[in-house]
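[1] here is my input, please return the structure:
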Amino acid sequence: MKPQDFDEAVAGMIYDGAARELILGLKYGDRHDITPILTAMMLRRSLPLLSTADAVVPIPLHPIRFFQRRYNQSAELARFLVRHSNLAGELYRPDLLRRQRNTPIQGRKTRKQRQENVHMAFAVNPDAATSIRGQHILLVDDVLTTGATLSSAARCLKRAGAKKVSVSVAARVC
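    Below you'll find the model as predicted:
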């Protein structure tokens, strides 16, 4: 197995029956009331990373997917994490990273297919590139399955000069 391109990862819970229902409710069911529950689970494990992060960056959706869904569940989680960690709101930086390719949904893909699917899917916002150099970036997403999406984003951030890229997710597949 190829090592991940991020430096460390924490998860609020294991992706099983109850966690799966919560995450799918947020992601596809327009259930914003679930966000505080998921972030409460994430916060305890994420506090050490949050306390050293220079920026908290949600995994971005492609504009077409954002238009279809009307919100980015990862952005909702990241925003709540920053707000409820008593850290400066300026840490929340959804502007640093963008999804430049509209990739198909990762579900039911093999590890190799997932890696190919998100290869070069992300780009650093040119207007924000200088604020990444030498920084510790905390990426936030809903689920860590194979790590392909988060690795692709971390690789992009490291190419732009990030010193360290950590990950916080609501749930992790075991």
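[2] next structured bit after the lowest-mean-pLDDT helix or strand in the chain?
    Every helix and strand in the chain was compared by mean pLDDT, DSSP states H and E; the lowest is helix 111-118, with a mean of 68. Downstream of helix 111-118, the first helix or strand assigned by DSSP states H and E is strand 122-124.
[3] other SSEs contacting whichever helix or strand comes after that following strand?
    Downstream of strand 122-124, the first helix or strand assigned by DSSP H and E is strand 136-144. Using 3 or more C-beta pairs under 8 Å, 6 or more residues apart in numbering; DSSP states H and E, the elements in contact with strand 136-144 are helix 17-29, helix 35-52, strand 55-58, helix 73-84, helix 148-159, strand 164-172. C-beta coordinates here come from the backbone N, C-alpha and C atoms, glycine included.
[4] alpha carbons of strand 136-144, in PDB - could you do that?
    Taking Å, rounded to 0.1, in the frame of the first residue of the first chain, the C-alpha atoms of strand 136-144 are listed here in PDB:
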ATOM      1  CA  HIS A 136       0.500  23.600   8.900                       C
ATOM      2  CA  ILE A 137      -2.700  23.000   7.000                       C
ATOM      3  CA  LEU A 138      -5.600  20.900   8.600                       C
ATOM      4  CA  LEU A 139      -7.800  19.400   5.900                       C
ATOM      5  CA  VAL A 140     -11.300  18.500   6.900                       C
ATOM      6  CA  ASP A 141     -13.600  15.900   5.200                       C
ATOM      7  CA  ASP A 142     -16.500  13.700   6.100                       C
ATOM      8  CA  VAL A 143     -15.100  10.200   5.500                       C
ATOM      9  CA  LEU A 144     -11.600   8.700   5.100                       C
END
